[in-house]
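In: Predicted model and sequence below, questions to follow.
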Amino acid sequence: MSFFISDAMAEGAAAGSQDGGLLGMLPLLLIMVLFYFMLIRPQQKRAKEHKNMVGALSKGDELVTNGGLLGRVRNVGDSFLTVEIAEGIEVKIQKQSVATLVPKGTFKGE
């Protein structure tokens, strides 16, 4: 007889948990929305800005690479740049390794 009672209680508990399941998911959904607006969306915006900056590179631009090299662009290829880092010293770098552009006159190739 006690076997039937425990089954009946289990059914009642399962029916009640369906209503609470939706409310239980609400904090998870709020966290996901928060992550999107605070982490994912700003990162996508930065990636888009970097892609536009790299696409607009031209001869004479002054830049800093991810490795910390400061130089002036001498030649722009499809995926590589030739950058002068000192007078008569040029290096070839990937376009994607450009960290930022600096104002003209920052680099003095002396």
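Out: On my side now, so go ahead.

In: how distant is stretch 87-102 from the center of its chain?
Out: Relative to its chain's centre, stretch 87-102 lies at 21 Å (C-alpha atoms, centre = their mean, to the nearest Å).

In: looking only at pLDDT, what's the mean for it?
Out: Averaging pLDDT along stretch 87-102 gives 95.

In: now the strands for this protein?
Out: Taking DSSP state E as the criterion, the chain carries its strands at 62-65, 70-76, 80-86, 89-94, 98-102.

In: Return the helix or strand in the protein with minimum mean pLDDT.
Out: helix 2-35 (a mean of 71; mean pLDDT, DSSP states H and E).

In: any chance of the strands of the chain in TSV, with distance to residue 55 and mean neighbour count too?
Out: The C-beta positions use only the backbone N, C-alpha and C, and glycine is treated the same way. Shown next, in TSV, are those (distance: least, C-beta to C-beta, whole Å; neighbours: other C-beta atoms under 10 Å):
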stretch	distance to residue 55	mean neighbour count
strand 62-65	14	19
strand 70-76	10	17
strand 80-86	12	18
strand 89-94	14	14
strand 98-102	11	15
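
In: That concludes my questions; thank you for your assistance.
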